[in-house]
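[1] Could you look at this predicted model? Sequence included:
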Amino acid sequence: MRSIKILERVLATIPIMFGVAIIVFFFIRLTPGDPVDIMMGQGGAISAGELDRLREEFHLNEPLHIQLWYFLRDAARGDLGYSYVLKQPVTSLIAERLPATIELAVGALLFSLVIALPIGVISAVRQNSWLDRLSMSTAFLGISMPGFWLGIILILLFSVQLRWLPVQGRISLGTGFQERTGYFVLDSLLTGNFAALKSSLLHLVLPSITLGAPVAAVIARVLRSSMLETLRSDYVTLARSKGVAESWVVIKHALRNAMIPTITVVGLQVGILLGGNMVIETVFGWPGLGRMVVKAIFDRDFPLIQGTVMIYAFTFVMANLIVDVLYTYLNPRIRMQ
Amino acid sequence: MARFNYRIITVLLLITFVFSACAPSTPSTPVVSATSVAPTAEQASGTIVIALAAAPVSLDPADHRSRESETVIRNMFDGLVTRDATNGVHLELAESMDWADEQTLNIELREGVKFHDGTEMTADDVVFTFERIINENQIEYPEAHTSPRKGLIAPLESIEKTGDYSVTMHFSGPWPPAMQLLVHQQIVPKAYIEEVGTEGFIAKPIGTGPFRFVSAQPGFEEVVLERFEDYYGGSPELTPVGKACAGQVVFRVIPEASTRVSALLAGEVDIITNVPQDLIETLSANENVQVKTAAGTQPKWIELNVNMAPFDDVNVRKALNYAVDKDLIIEQIYGGRAVALPGPLSPYNSFVNKSLSPYPYDTDMALDLLSQAGWADTDGDSILDKDGQPFAMTIDTLEEWRSLAEAVADMYRAIGIDANVRFWEYSVVRDQLLAGERQAYLDDWGDSAFDPVGHFEAKWHGFVADTPFGRGNFSTYNNERVNELIEQGETTGDTAARQAIYDEAQQIVYDEAPAVFLILPEEVEAASASITNWTPASDSRENMHDVCKTE
Amino acid sequence: METGPDIRSALQDQIYIWRIRLELWWGNFKNFLRELSAHPLAMVGGVVLVLYLLSALFADQITVHNPIQGNLRLRHIAPVWQAGDWTYPLGTDSQGRDLLTRIVYGARISLIVGFLSVGISVIVGVLLGTLAGYFGGRFDSLVSRLADLLLAFPFLIFAIGVMAFLGPGFTNLILALTFKGWVEFFRLVRGEMLAEKTKEYVEAARVTGQGHLAIIMKEILPNIIQSVFVLGTLRMGYMIITEASLSFLGLGLPPNIPAWGSMVATGRDSILVAWWVSTFPGLAILFLVMAINLFGEGLRDILDPRLKLEG
């Protein structure tokens, strides 16, 4: 029964992806701005023939429904087309950039969990104490600052003033780093290169903090309120009355049950971590997807925008799906709707 | 307890799996080498890192239209001619160039020049290079297309080999800026490209330049080059002649200006381009940093729609020119590193009209001209009005020019014009500008050839669809005489005659003022103090051949 | 006249009813204040929020400088404790405008951005969510699909896209923020509607013959609106920060609208020369968003401890 439900959910993602593709397709093509004009910029003499040839090459002078047909036909074969500006297959451009974005998202997620779990638990256990207030205010700091501003301040403090951490990029020169998978931390481990490992980890610190700070706030908040709710619940009271040690009550009963809504939120934040990083990637010179798609939007690089946004949507839908599945497994009392 | 932990770990693993499931296990990188070969400790001693504001789009000299691409490419590839930091053109791979007549150029090539794979450069490579650009659909990857650089040498009709080391170019007509524009074409190896194809060529580009390709990160976020030991030495007119000084050169993309500056201050990079004006003073005060400037190539102006009231009145347009205190802007916003525009051309242009000088800051004159046009403050609200309508204007611009636009708007408000600023994306506003739907537009127009053609053809010739004429004419200015002069100027070879033509054209445009001629900022770059022999170039390209790094 | 006393007494009844109502509301409000006082952080948040509201309302009265007109000669004057000049307590920006004045006016813009974008999102989300949740059917599945679709787009990318599509300007910024902003409210209200409509009190109302509109407006919505209010306060901060991010990416508000986000974004280039230009607007955002969040968090504790927020 349950697996059928899951299968239904998996199948339900297909129309969503299709819808996303259609929306993006029409939206970007109806947006003012001609990719061919942008590509040519200001310089040099461009003949009408040249511009026409480019439009023809990109099928831009054909009616929209024909363009849509080309797009869907190619997409069905896994071909997302060529970037107008970068002249490379969109799939390989995404594949090249994705590891950087994922590595940063994982770093940010780890940072936010490391911060949020203790804050959430302690705030709930010591509700309305000064510790609660202090830690929750700290958590709120993260959600109250524009990311680029936090990033610039962190750079000025930790990189320029203190010189503890690198300013930008993913790895220093001269570590003898060998790229294998595109995940620099993993690659350093695989090749046993500890200089590269150290360098890539250090490069991750500031961007992870900047990207993870608002996520930490959200997770801490949800964990705290879920903990509060479970701490007040009957079975926790029962456990206490049985004389179970308070710390055990917190860990065994309260935290365990509070994890369910927390995981839901973490799952939803995954989409935000992957899709909300174009600002942070710009500040830290991080060569990921976010920066590529923002530039693609300004360039009106239709195939690249389409491909990237679909990857974002896919990740988000998948993250949602997995959260739902986990939800039913962790809490058998809840049936999927 | 144990079971609980196990579940949490499962959750985390699954979340991680979501990520990794979207990523192919081995990212295929058809364009760049999949492994980034890092320098060993010994090599790294002579490594210079240059921070670029934007990524190159390609490393194929025939397949891009971007300054960043050309910056990297010109360190790997040499051309027939090159340009020094002050816009002088010098022979590079060409040993001599002679015009047989106005349409025929005979070129003798330098002998013994080696490509990075050790083969010798000959006339075949030069013919191949130019035919690959001017003929249709010569670049076969990823889909057959014509070089986007064809437009830069549009008058070149054909090129023929006349000897092992000599070629002849045939042009469709006299083409005065030929030398300046040949700088932008670099010679590629025929045999190599024919063997590996364009795809193989951009994965490992080979040229005759002072540095050879080592590796590149996806999207050219980082390009590593190393010294080419068999380099022929470069142009003999530009000292020092010989191999490059630095062992390695790394171009790294850092889009955010404040991060670029931070990276320089933290010693992570050695040279940064596009220094924000606000930071020049701070950087100059830092003893570990040197700031240098080069003459700019991107004049800024506000184009006024000459067919829309109130800018259809020449007095109003002139008044707006008089109302801007350009010296104050240069002093305050640009820290003195800019010059006022003396008219439609940059003061550094080879054909600038020397009798013109910038419109002075004179608010009395401005108000006088405005009252001649019928604008005066009759209702005492300190806003000028005419026929009961207040003088309101919107300066459209890009977010990039925010401070300049705001400063100008402030000065206009000070004399009673209700001026506002609005930001656009260039791609969105361009069509509206050409259609004459906007009032006033502040932007720049780059031209590094220092020849009047670039600016006059695009900006001050009436717009003619599907031609280069007026392609950037955002003032809808269309003066028969000026059009005629521009067309004459493009085909007149004689320098004195061209000067006369452009002098007249500049005088007319200056007097009719279809734009507020603002300023020309200098190109500002900064480097760490350990960098020697470094000179920023006017065309904002980084020629690393001579640059050294002292440890 | 015979009808006179009737009218008078009917009027008196009405007045009496309203007085009772007012007293009830006042009592509720006092209760609320009492409960709030148990949450000192929420109190602080509330007070800061009120201060911001006041400065936004009375910006014209409490400032002496012009927030828009600059003077390059007064560029980058340091704050009073560095420059010793009380004329510009927080210094001046890159156009020579008084920073304090701009920040005070910026409160107006940022609060309007926050209130309008969240307000429109709430109206659209609550309306659609109520209809979808209460009546279900084809309308529900249609709007739910649309919501799922929109939810799959990253917010910032979506906002950039809408800005590119609509062009620059204040109205378009608000539209860009609300185009996707309503979805969260829709999902919240729809879910609550589904849960509430099966409850006994709704059944009871239906049995007594009340119409759908009456049931929704009088019975269900009052139970839901608190959660909406809480989510709304929490979303406001996000909207204000998104405005800053858009400005950072080059899609900001024009300079005659002194918005904090644009001020932080444009001041970052001079952060090494004139740290105050981007720092003070940044702090203004920080305090406002923290105040809103702390207040919203307190509200949640008081009004609806069960509400699960999905971020």
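    Received, thanks. Residues are numbered from 1 along each chain as shown, chains lettered A, B, ... in the order given.
[2] didn't residue B:111 look like it was pressed against residue B:165?
    Yes: here residue B:111 reaches residue B:165: they are 5.5 Å apart, a contact under Cβ atoms under 8 Å. All C-beta spots, glycine's among them, are computed from the backbone N, C-alpha and C.
[3] okay, those two: which has more neighbours?
    Neighbours were counted for residue B:111 and for residue B:165 using other Cβ atoms under 10 Å in any protein chain shown; residue B:165 has more, 20 against 12.
[4] Correct me if wrong: that one contacts residue B:109.
    Yes: counting by Cβ under 8 Å, residue B:165 does reach residue B:109; the two are 4.3 Å apart.
[5] Need the residues touching each of these two.
    Applying Cβ atoms under 8 Å, 6 or more residues apart in numbering or on different chains, one finds that residue B:165 and residue B:109 are jointly contacted by B:95, B:122, B:123.
[6] part of a strand, is the first one?
    Okay, so that is residue B:95. Yes: Residue B:95 forms part of a strand when assessed by DSSP: H, G, I helix; E, B strand; the rest coil.
[7] Count residues in the vicinity of it, would you?
    Number of residues near residue B:95 (other Cβ under 10 Å) recorded here: 16.
[8] That one and chain C: what is the separation?
    Distance, residue B:95 to chain C, using Cβ to the nearest Cβ, to the nearest Å: 47 Å.
[9] list the contacts for that residue?
    Residue B:95 touches B:108, B:109, B:110, B:111, B:165, counting by Cβ under 8 Å, 6+ apart.
[10] same deal with residue A:273?
    So residue A:273 contacts A:105, A:108, A:109, A:211, A:212, A:215 (Cβ under 8 Å, 6+ apart).
[11] Just confirm it is within a helix.
    Yes: assessed by three-state DSSP, residue A:273 belongs to a helix.
[12] ok, which residues in chain C are in contact with chain B?
    Along chain C, the residues adjacent to chain B under the rule Cβ under 8 Å from any Cβ of the partner chain are C:68-73, C:75, C:94-96, C:164, C:167-169, C:247, C:250-252, C:254-256, C:266, C:268-274.
[13] what about residue B:250, which SS state?
    Strictly by three-state DSSP, residue B:250 counts as strand.
[14] Now name the helix or strand holding the nearest residue to it once chain neighbours are set aside.
    Leaving aside its chain neighbours, residue B:250 sits nearest to residue B:49 (4.6 Å; criterion: Cβ to Cβ, 6 or more residues apart in numbering or on different chains). Residue B:49 belongs to strand B:47-52 when elements are defined using DSSP states H and E.
[15] next helix or strand past that strand?
    helix B:67-76.
[16] and that next one, does that touch chain A?
    No: counting by Cβ under 8 Å from any Cβ, no contacts exist between helix B:67-76 and chain A, the nearest distance being 8.9 Å.
[17] Of the contacts of residue B:95, which is the nearest to residue B:62?
    Among the contacts of residue B:95, residue B:109 lies closest to residue B:62 (Cβ to Cβ), at 18.7 Å.
[18] May I have the phi/psi pair for that closest one?
    The phi/psi pair for residue B:109 (degrees, to the nearest 10) reads phi -100, psi 150.
[19] check contacts around the residue nearest to residue B:229 when sequence neighbours are not counted.
    Nearest residue to residue B:229, sequence neighbours excluded (Cβ to Cβ, 6+ apart): residue B:243, at 6.5 Å. Residues near residue B:243 by Cβ under 8 Å, 6+ apart: B:210, B:227, B:228, B:229, B:231, B:233.
[20] how about the last one, secondary structure?
    What that stands for is residue B:233. Residue B:233 - assigned by three-state DSSP - is coil.
[21] Just give me the neighbour total for residue C:40.
    For residue C:40, using other Cβ under 10 Å, the count is 14.
[22] Extract the residue ranges of the stretch 51-200 of chain A that are flagged as low pLDDT.
    For the stretch 51-200 of chain A, applying pLDDT under 70 flags no range at all.
[23] Name the nearest residue to the residue of it found nearest chain B, ignoring sequence neighbours.
    Nearest residue of the stretch 51-200 of chain A to chain B: residue A:96, at 3.2 Å (Cβ to the nearest Cβ). Distances taken as Cβ to Cβ, 6+ apart put residue B:218 closest to residue A:96, at 3.2 Å, once the chain neighbours are dropped.
[24] Can you check what pLDDT the model gives the one you found?
    Per-residue pLDDT puts residue B:218 at 83.
[25] ok but the residue nearest to residue B:229 is inside a strand, no?
    No: with three-state DSSP as the criterion, residue B:243 is coil rather than part of a strand.
[26] For it, give me the backbone phi and psi.
    Residue B:243 adopts backbone torsions of phi -70, psi 160, taken as degrees, to the nearest 10.
[27] so where's chain B uncertain?
    Within chain B, the stretches with pLDDT under 70 are B:1-45, B:540.
[28] And the residue nearest the centre of it?
    Nearest to the geometric centre of chain B sits residue B:67, at 5.2 Å (Cα atoms, centre = their mean).
[29] if we can go back for a sec, so the residue of the stretch 51-200 of chain A closest to chain B is in which element?
    Of the helices and strands defined by DSSP H and E, residue A:96 is found in helix A:90-125.
[30] do the same with residue C:163
    Per DSSP H and E: helix C:155-166 holds residue C:163.
[31] Give me the distance from that helix to the chain's centre.
    20 Å (Cα atoms, centre = their mean, to the nearest Å).
[32] and residue B:239, how many neighbours does it have?
    9.
[33] what about it, distance to residue B:292?
    Using Cβ to Cβ, to the nearest Å, we find residue B:239 at a distance of 19 Å from residue B:292.
[34] before we move on, what about residue C:32?
    Residue C:32 is 64 Å from residue B:292, by Cβ to Cβ.
[35] So those two - more neighbours on which side?
    residue B:292 (16 against 13).
[36] wait, is the more buried one part of a strand?
    Yes: counting by three-state DSSP, residue B:292 falls inside a strand.
[37] Setting aside sequence neighbours, what's the nearest residue to it?
    Closest to residue B:292 by Cβ to Cβ, 6+ apart is residue B:536, at 5.1 Å.
[38] OK, contacts around residue B:284?
    Listed by Cβ under 8 Å, 6+ apart, the contact partners of residue B:284 are residue B:291.
[39] how about it, secondary structure?
    Here residue B:284 is recorded as helix under three-state DSSP.
[40] what separates it from residue C:273, distance-wise?
    Taking Cβ to Cβ, one finds residue B:284 at 11 Å from residue C:273.
[41] Next: residue A:69.
    Noted for residue A:69: a distance of 55 Å to residue C:273, by Cβ to Cβ.
[42] Comparing those two, which residue is more hemmed in?
    Using other Cβ under 10 Å as the criterion, residue A:69 and residue C:273 rank with residue C:273 on top: 18 against 13.
[43] tell me, how many neighbours does the closest residue to residue A:30 other than its chain neighbours end up with?
    Spatial nearest neighbour of residue A:30, excluding adjacent residues (Cβ to Cβ, 6+ apart): residue C:165 at 7.1 Å. The number of residues packed near residue C:165 is 18, by other Cβ under 10 Å.
[44] same check, this time on residue B:264
    27.
[45] For it, give me its contacts.
    Residue B:264 neighbours (Cβ under 8 Å, 6+ apart): B:51, B:270, B:271, B:272, B:283, B:289, B:526, B:527, B:528.
[46] possible to save those as CSV with distance to chain A and secondary structure?
    Shown next, in CSV, are the contacts of residue B:264 (distance: Cβ to the nearest Cβ, whole Å; DSSP: H, G, I helix; E, B strand; the rest coil):
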residue, distance to chain A, secondary structure
B:51, 8, strand
B:270, 11, coil
B:271, 14, strand
B:272, 11, strand
B:283, 12, helix
B:289, 12, strand
B:526, 14, strand
B:527, 16, strand
B:528, 14, strand
